[in-house]
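S.K.: Return atomic coordinates for the entry below.
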Amino acid sequence: MDGVERAVRRISSNDRFARMVGVAIEEVRPGYARVTMKVEDKHLNSVDITHGAAVFTVADTAFALASNSHGRVALALNMSINFLKATGYGSILTAEATEDNLTNRTGLYRITVKDETGDLVSLAEGLVYRKKEDI
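M.R.: Below you'll find the model as predicted:
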C-alpha cells in the first residue's frame, strides 16, 4: 500500500471529528488533497453563517491528507487562515491543499476553500513537521 492509500485509510477511519461534521474525501495524490462538505444547520454560527471552525475543519482535513500523502506521519506546527467570504446553509465547501515546499523534516501547504460558485471563501497556509514513522 502506498503513502496516499495509507493516508486516506488512516484519516478516513481515525479522524472522527472530520467524519462527524461531514467532510468527504474527493481526491488525494502525493502533495495534494481535495475534500468537500455541505453546510448544514449544525455548521452555522449565531448569525446564521458558516462557523469559522467549520471552514477551518474543511481546510485542515485537506491539509492533513496532503501532508500525510507521502506515507510519513505529518503533524501540524502552524496553520494560518484568512476568511474572505461568508457562506450559509446549503453551501458546498471545497478545500484544496497543495504542497508548496517539502523537506525531510517539514512541509509547507497552501489551502484554499471555495464555495459551489467557485468563489474563494478562505485562504490558509499550513506548516507540518514530518516524523520518521509511517502513517
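S.K.: Within the sheet, what are the partner strands of the longest strand along the chain, with directions?
M.R.: For the chain, the strand that runs over the most residues, judged by DSSP state E, is strand 120-134. Strand 120-134 pairs in its sheet with strand 72-83 (antiparallel), strand 106-114 (antiparallel), by DSSP bridges.
S.K.: Now distance to residue 21 and mean pLDDT too, for the ones you listed, in TSV please.
M.R.: (C-beta placed from N, C-alpha, C; glycine too.) TSV is the format used below for the strands paired with strand 120-134 (distance: least, Cβ to Cβ, whole Å; pLDDT from 0 to 100):
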stretch	distance to residue 21	mean pLDDT
strand 72-83	16	97
strand 106-114	14	98
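S.K.: So which of the ones you listed is the most surrounded?
M.R.: By mean neighbour count, with neighbours taken as mean count of other Cβ atoms under 10 Å, strand 106-114 ranks first of the strands paired with strand 120-134 at a mean of 21.
S.K.: Run the chain-centre distance for stretch 92-105.
M.R.: Distance of stretch 92-105 from its chain centroid, counting by Cα atoms, centre = their mean, to the nearest Å, is 8 Å.
S.K.: Pull out the buried residues from the longest strand of the chain.
M.R.: 121, 122, 123, 124, 126, 127, 128, 130 (16 or more other Cβ atoms under 10 Å).
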